[in-house]
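Engineer: No sequence on hand, only this structure:
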């Protein structure tokens, strides 16, 4: 199947996802940058283009930009023929809006690339939710049982309300009968005392039955309110609290379900029933106004029931106003990290559906309403469209206010710096809360509602984003008091189970594959040393983010995460990267394996580095583990890691290049493990060759290193990492690497400045491999002139790449 067909299936599948994920898709395309109409009508063309290349190639981006405008013209002509006036107008407007990218077409390419990536994340979230639902059988069964219990109780409440409605009809008929007979009795003049006594007796019987019926009605109303109170207790203090905790965890990567559809259904049911109870009580007041008597139970009990119903409704409505989507910047590291003067979005929702309130409730936004008592604590103003109406969504019919264009600006006077506390917090430890206010008014009931975001961290430049995200992780991992803005004044420690789970979520949310027990064990050992059990171990906030600055634990871990997400996601997701494994463990794993067995692990000393180690055997049969200098983004942005593994070579003593990487641990042939990632074309058809006219190859000179010690002589965990070469004890006594051959640049055309240059670069390469001293030594460059690759790269100057661009 062609790649375009696969990608087209992606768009089709997005439109077939469950409602909760389709809603995410609608929210994604609720931005002006790429209208959903354009995405839909040009989907086939959009998904065929190489937007990643266009994002870094202005000429190529300009070509795609022009073709995009031409496609919009074609769509416009189509809608003219179909006499679709509205779509004609929209397409014309979209084309005008895209003109802003004329000066920077790469920005358009980056924007479209970002939207496509977000689409894939939505699909992956749907896949993950399916997997979680399938794997977590017992918890899901418990949740289903709890939901079924609530379903039964809400259904019972609705049934009781319907019965109460019928009871009131009967009560009114009974009262009308008494009222008619009593009025008739008063108007009649009855001389016969026996008849008069008989009529009085009948009337007394009617009033007694009416009184009993009123008492029964009031008793049933009280029971109905008891049922409502029980449901409200469960909804507000259990279900909603659990949802809020799930939302906290989802914000930091947990694979939980935070759909509000079910809660909204329950909240709406109880609210509707309570409004009906208020109507019942009003009806009783009306009946009491027509007929009352001494010791009338309506007069004694109705006011208390009315007050109770209003209190329950108020409590329910105040809890029903929530922040459904927490504040986030479009391309931020994660939610709850906001930057001044950069737009962010946030969505609130009222969990009761009353169609008559559509567009009638206005929601306003404000920042921290109480001044903090911390010195230097900053204050902010909310700018942009900070007032919106609650509107019913077209699909879910939920009442939402979706803020898309808010920004924050720091107050320059009358704000922080005047606190009375000696507490000192860094900028990324300051927590701020965004508040949302509205008024619920319906059927004589008026309730002020307030919702608040989870605490946000506000930064002023992108360099603070990493630390800010660490604060978000730490707070939402440990704190369930979402109003505690001074959390970091005395931050608690995290237990290892909590901390390890949070770390795994980071990989799970970024790559859809979390950390296994062995990987978490290596991290635990790095933090706490070797122990039998880590469950009782604690990690402090300082150890997480502050100790060993600038190379803190979080900087190291996040550097790996960013590298994997950017360059190694597929390899990681397929389980090809062992990743978190210590050098000592690596050696113990490899030394019992056959020659050429290798594994991939993250560097413990270089931030955002990945390396591979393999086992070889000496002439005496002793195992020897060798490791290359870690690759970083400088290397990985130039050539994919799987191609590095595929083409890596060491130079044998006879100047014969040899690839020592044969089997991925434990025993998978290299090409079987990585083959599906290889470039399909080989030889002259390879895109790498088309682009730079030669093949990229990583070569280390074997005979320049002498492994003076076998694995049995090496201390556990003391493997050395050397620049531009192999590792082991080939380093000198000071820990510096021995010199290696420097990169050789093979030019595709003869250079008049070099004597004896050959015209055929492949012949030039062969001549060099057979006789490294053939070329003038001046051709070799200093260490200062080395390319960004960490190893010898046989390459040449880039040439025009018309064929590659096709």
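Structural biologist: Sure thing, it's come through. Note that this is a predicted model, so its numbers are computed, not measured.
Engineer: residue contacts, residue 442?
Structural biologist: Applying Cβ atoms under 8 Å, 6 or more residues apart in numbering to residue 442 gives the contacts 275, 354, 356, 357. Every C-beta, even on glycine, is put in place using the N, C-alpha and C of the backbone.
Engineer: Show me what it bridges to in the sheet.
Structural biologist: Using DSSP bridges, the beta-bridge partners of residue 442 come out as residue 445.
Engineer: Now do the helices in the stretch 501-650 of the chain.
Structural biologist: 517-528, 541-545, 553-563, 569-573, 583-590, 633-636, 641-647 (DSSP state H, counting those that start in this stretch).
Engineer: For residue 194, which of the ones you listed is the nearest?
Structural biologist: With Cβ to Cβ as the measure, helix 541-545 is the member of the helices of the stretch 501-650 of the chain nearest residue 194 (93.1 Å).
Engineer: Need the residues that contact that closest one.
Structural biologist: With contact meaning Cβ under 8 Å, 6+ apart, helix 541-545 is reached by 467, 470-471, 474, 488, 491, 493-494, 499, 527, 552-554.
Engineer: ok, of those, which come out buried?
Structural biologist: Applying 16 or more other Cβ atoms under 10 Å to those, the neighbour count classes 467, 470, 471, 474, 488, 491, 494, 499, 527, 552, 553, 554 as buried.
Engineer: For the helix or strand containing residue 176, name the packing helices and strands.
Structural biologist: Assigned by DSSP states H and E, residue 176 belongs to helix 137-187. Where contact means 3 or more Cβ pairs under 8 Å, 6 or more residues apart in numbering; DSSP states H and E, helix 137-187 is packed against helix 193-234, helix 261-290.
Engineer: tell me the mean pLDDT for the shortest one?
Structural biologist: I take that to be helix 261-290. Averaging pLDDT along helix 261-290 yields 93.
Engineer: how far is whatever helix or strand comes next after it from where the chain is centred?
Structural biologist: Of the helices and strands lying after helix 261-290 in sequence (DSSP H and E), the nearest is helix 297-320. Relative to its chain's centre, helix 297-320 lies at 41 Å (Cα atoms, centre = their mean, to the nearest Å).
Engineer: May I see the buried residues of the lengthiest strand in the chain?
Structural biologist: What stands out as the longest strand in the chain, according to DSSP state E, is strand 399-410. Across strand 399-410, burial judged by 16+ other Cβ under 10 Å covers 399, 400, 401, 402, 403, 404, 406, 407, 408.
Engineer: The first one and residue 349, how far apart?
Structural biologist: Separation of residue 399 from residue 349 (Cβ to Cβ, to the nearest Å) stands at 7 Å.
Engineer: Check which helix or strand residue 382 maps to.
Structural biologist: strand 380-384.
Engineer: List the pairing partners of the helix or strand just after that strand within its sheet, with orientation.
Structural biologist: Next helix or strand after strand 380-384 toward the C-terminus (DSSP H and E): strand 387-389. Strand 387-389 pairs in its sheet with strand 362-366 (antiparallel), by DSSP bridges.
Engineer: Show the low-confidence segments of the stretch 1-150 of the chain, by residue range.
Structural biologist: 1-11, 20, 30-32, 129-144 (pLDDT under 70).
Engineer: can you do 90?
Structural biologist: Across the stretch 1-150 of the chain, the ranges flagged by pLDDT under 90 are 1-61, 63, 65-66, 68, 70-105, 107-108, 110-150.
Engineer: That one: strands as residue ranges?
Structural biologist: Secondary structure of the stretch 1-150 of the chain (DSSP state E, counting those that start in this stretch): no strands located.
Engineer: How far away from the center of its chain is the strand holding residue 382?
Structural biologist: 25 Å.
Engineer: Relative to that strand, what are the paired strands and their orientations?
Structural biologist: Looking at strand 380-384 with DSSP bridges, its partner strands are strand 399-410 (antiparallel).
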